[in-house]
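Q: below are the sequence and a predicted model; questions follow.
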Amino acid sequence: MDANAGGVRWRYDVKQDGNQSSFHGKPVLTADLVVIGVDRGTDPQGQGHVYAFERATGKVRWKQLAAPGVSSAVLTDESLVIALVQTGELIGFDIHSGQSIWKKQVTESGRDRYLPSPVLRNHVVYAGGYSGNLTAVNAQTGDRVWQRNLEPGTHVQPVAVGDGVYAVTDSASTTWI
């Protein structure tokens, strides 16, 4: 959108790339790119992707399959874009080419297609999910730093505030990490 006039500068229909339904979460904005994930929606045969659009034109710079999709915010750490795929896998993509650099399974898949957004702090990605785990992964290498099972069978949402990372569970308890 043109912020001054409110006109549409460009648009992109994701349905042409695998019967996807919608963008979710906060995008990553760089000087020349908008990077965001999309999910398959309610179509069990749909395919989700991570897209990098040129900010000025809306042209797809790259797109990478992230089946079945990404329903949370994507993150950036230096030259990497990091997405939590609905299978429970974190993937680090090169921001310029879209090439997958690393993958790490961090939570169970299948319990819910909307996983909570991971957070980034000091080059570490913290990812929760529906297995009660909170996992810390090195953002540059994809190596697991640690994993804690906070409350088996509960939803865990990480939140970065100040010097800490908090894990909020659906049982309403909060843990500071």
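A: Nice, I can see it. Since the structure is predicted, the reported quantities are computational estimates derived from the model, not experimental observations.
Q: every contact and neighbour count from this point should use C-alpha atoms.
A: Fine.
Q: so Gln157 makes contact with Ser117?
A: Yes - using Cα atoms under 8 Å, Gln157 is in contact with Ser117, at 7.3 Å.
Q: any shared contact partners between these two?
A: 127-128 (Cα atoms under 8 Å, 6 or more residues apart in numbering).
Q: what is the burial count for Gly153?
A: Using other Cα atoms under 10 Å, Gly153 has 15 neighbouring residues.
Q: likewise Lys59?
A: Lys59 has 14 nearby residues by other Cα under 10 Å.
Q: which residues does it contact?
A: Per Cα under 8 Å, 6+ apart, neighbours of Lys59: Phe53.
Q: if I look at it, how far off is Gln157?
A: Distance of Lys59 to Gln157, given as Cα to Cα, to the nearest Å: 33 Å.
Q: endpoint to endpoint, stretch 100-118 covers what distance?
A: End-to-end distance (Cα to Cα), stretch 100-118: 18 Å.
Q: now stretch 10-26
A: The first-to-last residue distance of stretch 10-26 comes to 18 Å (Cα to Cα).
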